[in-house]
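**Student:** show me how the following folds:
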Amino acid sequence: MADHEAFRVEAGDGASPVILHVPHGSRVVTPHARERILLDDAALAAELDLMTDAHTALIAERARAAAWIFANRLSRLVVDPERFPDEREEMNAVGMGAVYLRTSHGEPLREDDPAHTEELLARYFRPYAAAMADLVAARLAATGRAVIIDVHSYPSRALPYELHASGPRPAICLGVDAFHTPAWLLEAASTAFSGLGDLDVNTPFAGAYVPVDHHRRDAAVSALMIEIRRDTYMTEPGGPPGPGFEAVVRALTKLVEAARPGRGD
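**Tutor:** This is a model prediction of the structure:
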């Protein structure tokens with residue numbers, strides 16, 4: 001399974017069903033995408049501070065144990081691999097579908113050019129989606145199941161683009177899916193992260209990422225989203241890791257261990 005300019009795959013143990021997915025941890029904007037972004041360099045840097053899940057790739061690397069890692073090499077400002085690329089995506093309402101047209105504050109990010117959008121989807125989004133689906137299929141073939149743990153972070157104060165910003169903003173938000181998140185996985189995550197502060201489910205962000213090829217089709221694919229409030233582990237908006245960083249790594253390690261072979265079956 002070869003890497004691509006849009007993503008990297010780090011192999012884990014052949015017997016492990018666990019995939020740590022890190023979709024929003026990069027600040028890299030390709031020249032191809034940058035030339036169509038309307039922000040100047042300073043404004044782009046500020047937007048990247050707000051929209052990047054800083055240090056989540058490092059958290060996944062430190063916590064991986066035997067897990068596989070699938071990480072986005074590029075910023076979500078190039079394409080967002082966790083959005084639907086069509087009318088199903090609710091974030092289209094604020095110009096932030098698979099290809100963002102607006103910034104976190106609703107300012108123009110790029111022109112609404114369907115041809116350019118299609119270029120970005122073809123070059124980055126679809127290869128990413130296909131490779132993630134292939135990795136899930138490979139874990140199913142090797143172990144009989146796949147466990148996707150989606151590693152995210154979010155700001156302590158809501159940004160204007162958020163559609164569901166009125167609810168609680170706990171230290172740890174667990175995103176679950178009625179079809180793909182079994183009770184044992186939610187319980188394991190709740191236990192692993194219980195020492196980091198308050199914890200809630202599906203607030204302020206909800207759901208869990210599963211590739212479209214497997215979505216709502218295969219119950220052997222389990223999924224859970226971990227959203228870590230940024231002031232829990234780093235200096236906001238885009239600063240270095242803070243005193244809570246190691247505690248986050250230990251908590252995610254516990255969750256990865258809880259999903260290892262022989263658990264959750």
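
**Student:** now stretch 92-101, how far from the centre of its chain.
**Tutor:** In terms of CA atoms, centre = their mean, to the nearest Å, the centre of stretch 92-101 is set 16 Å apart from its chain centre.

**Student:** average pLDDT across that stretch?
**Tutor:** For stretch 92-101, the mean pLDDT works out to 97.

**Student:** ok, which stretches of the stretch 101-250 of the chain are helices?
**Tutor:** Assigned by DSSP state H, counting those that start in this stretch, the stretch 101-250 of the chain shows helices spanning 114-120, 126-143, 183-192, 245-258.

**Student:** export those to TSV and tack on mean neighbour count?
**Tutor:** To be clear about C-beta, it is placed using only N, CA and C from the backbone, and glycine gets the same treatment. Formatted as TSV, those follow (neighbours: other CB atoms under 10 Å):
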stretch	mean neighbour count
helix 114-120	14
helix 126-143	18
helix 183-192	17
helix 245-258	20
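
**Student:** nearest to residue 89, out of the ones you listed?
**Tutor:** Residue 89 sits nearest to helix 114-120 of all the helices of the stretch 101-250 of the chain, at 12.5 Å, using CB to CB.

**Student:** name the residues that touch that closest one?
**Tutor:** The contact list for helix 114-120 (CB atoms under 8 Å, 6 or more residues apart in numbering) reads 32-33, 36, 78-79, 99, 110.

**Student:** with just CA atoms, put that helix into PDB.
**Tutor:** Taking Å, rounded to 0.1, in the frame of the first residue of the first chain, the C-alpha atoms of helix 114-120 are listed here in PDB:
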ATOM      1  CA  PRO A 114     -16.500  23.900 -10.000                       C
ATOM      2  CA  ALA A 115     -13.600  23.000 -12.300                       C
ATOM      3  CA  HIS A 116     -11.000  23.800  -9.600                       C
ATOM      4  CA  THR A 117     -13.100  22.000  -7.000                       C
ATOM      5  CA  GLU A 118     -13.100  18.900  -9.300                       C
ATOM      6  CA  GLU A 119      -9.400  19.200  -9.700                       C
ATOM      7  CA  LEU A 120      -8.900  19.100  -6.000                       C
END
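
**Student:** distance from it to the middle of the chain?
**Tutor:** Remark: helix 114-120 is offset 23 Å from the chain centroid, using CA atoms, centre = their mean.

**Student:** what's the mean pLDDT across it?
**Tutor:** Mean predicted confidence for helix 114-120 is 97.

**Student:** picking that back up, residue 8: which of the helices of the stretch 101-250 of the chain is closest?
**Tutor:** Among these, helix 126-143 comes nearest to residue 8, with 9.8 Å by CB to CB.

**Student:** same for the closest one, what does it pack against?
**Tutor:** strand 7-10, strand 18-22, strand 68-72, strand 146-154 (3 or more CB pairs under 8 Å, 6 or more residues apart in numbering; DSSP states H and E).

**Student:** low-confidence ranges in this protein?
**Tutor:** Applying pLDDT under 70 to the chain flags residues 1-2, 261-265.

**Student:** before we move on, back to that, let me know which of the helices and strands packed on helix 126-143 is the nearest to residue 164.
**Tutor:** Closest approach to residue 164 among those (CB to CB): strand 146-154, 11.4 Å.

**Student:** list the buried ones in that closest one?
**Tutor:** Judged by neighbour count using 16 or more other CB atoms under 10 Å, the buried positions of strand 146-154 are 146-154.

**Student:** same question, stretch 87-107
**Tutor:** Of all the residues in stretch 87-107, those buried under the rule 16+ other CB under 10 Å are 91, 94-104.

**Student:** what about the helices and strands packed on helix 126-143, which gets the closest to residue 195?
**Tutor:** Comparing these by CB to CB, strand 146-154 comes nearest, at 17.5 Å.

**Student:** just checking: what are the partner strands of the closest one?
**Tutor:** Strand pairing for strand 146-154, using DSSP bridges, gives strand 18-22 (parallel), strand 221-229 (parallel).

**Student:** returning to what we had before: farthest-separated two in the buried residues of strand 146-154?
**Tutor:** Within the buried residues of strand 146-154, two members stand farthest from each other by CB to CB: 146 and 154, at 24.9 Å.
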